[in-house]
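Enquirer: turn this into a structure:
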Amino acid sequence: MPPPQAFADESFHEDPSEGFYVLAAAVLPIARHAELREVMLDVRGGRRSSKLHWYPMDHQEKLDVAKRVADFDELHVVTVGTPVRPKRQERGRALCLQRLVVELHGVGVDTLVAEARQADLNKRDVDSVRHARLHRARLTGNDAFFQPLSGCVHEVQLDTPT
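Expert: Predicted coordinates:
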């Protein structure tokens, strides 16, 4: 059975005293990807967006989505966060990404998929993952992993010891 993969997303709030950065990854066996994709498309409802966005949902929609996701067997969420000062969200992202890679590596994940960003920001992500190597996670491949896939994601592959 292939190792599980993780799909990451971020959130941050800029505030002088209560700012934060959070990076979360949904971990799921590859064999369940298509099934979860259908669930996520279904909970999107009649929206025409290619993504499921939380903010435009009303309270009941948010509850429904949370329940559908929580009821999905074998889906695990790994979340890390850090407080951040204004205009320091990239530093927060780097710290969160490093910790997330270590945690994902610890549960056998070998691939992390996230939305692609600008080339210079993707390079920062590569550097953050390389820094996490000091904590036993190893990046395989090269910067080609960070070229946008289908224009919307980039992928980090981690070697997981057997």
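Enquirer: in the protein, which spans are helices?
Expert: Taking DSSP state H as the criterion, the chain contains helices spanning 33-43, 59-70, 89-106, 119-132.
Enquirer: what stretches of the chain score poorly on pLDDT?
Expert: Along the chain, segments meeting pLDDT under 70 span 48, 50, 133-162.
Enquirer: and Leu41, how many neighbours?
Expert: Residues near Leu41, counting by other CB atoms under 10 Å, number 11. The C-beta positions use only the backbone N, C-alpha and C, and glycine is treated the same way.
Enquirer: go on, Ala31?
Expert: 11.
Enquirer: for Leu104, same thing?
Expert: Neighbours around Leu104, by other CB under 10 Å: 26.
Enquirer: wait, it sits on Ala6?
Expert: Yes: in terms of CB atoms under 8 Å, Leu104 counts as a neighbour of Ala6; the distance is 5.2 Å.
Enquirer: which residues do those two both contact?
Expert: Residues touching both Leu104 and Ala6 (CB atoms under 8 Å, 6 or more residues apart in numbering): 25, 27, 78, 112.
Enquirer: could you dump those residues to JSON lines with neighbour count?
Expert: Formatted as JSON lines, the shared contacts of Leu104 and Ala6 follow (neighbours: other CB atoms under 10 Å):
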{"residue": "Ala25", "neighbour count": "24"}
{"residue": "Val27", "neighbour count": "21"}
{"residue": "Val78", "neighbour count": "18"}
{"residue": "Leu112", "neighbour count": "25"}
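Enquirer: just those residues now: which is nearest Asp58?
Expert: Ala25 (26.8 Å; CB to CB).
Enquirer: residues touching that closest one, list them.
Expert: 6-9, 77-79, 100, 104, 109, 112.
Enquirer: mind listing what Ala70 touches?
Expert: For Ala70, counting by CB under 8 Å, 6+ apart, there are no contacting residues.
Enquirer: likewise for the one 5 residues further on?
Expert: The contact partners of Leu75, taken as CB under 8 Å, 6+ apart, are 26-28, 32, 36, 69.
Enquirer: likewise for Met57?
Expert: Met57 neighbours (CB under 8 Å, 6+ apart): Val65.
Enquirer: for Pro3, see how far away it is.
Expert: As judged by CB to CB, to the nearest Å, Met57 and Pro3 stand 33 Å apart.
Enquirer: just Val113 next, same as before
Expert: From Val113 to Pro3 the distance is 13 Å (CB to CB).
Enquirer: shared neighbours of these two, anything?
Expert: In contact with both Val113 and Pro3: no residue, using CB under 8 Å, 6+ apart.
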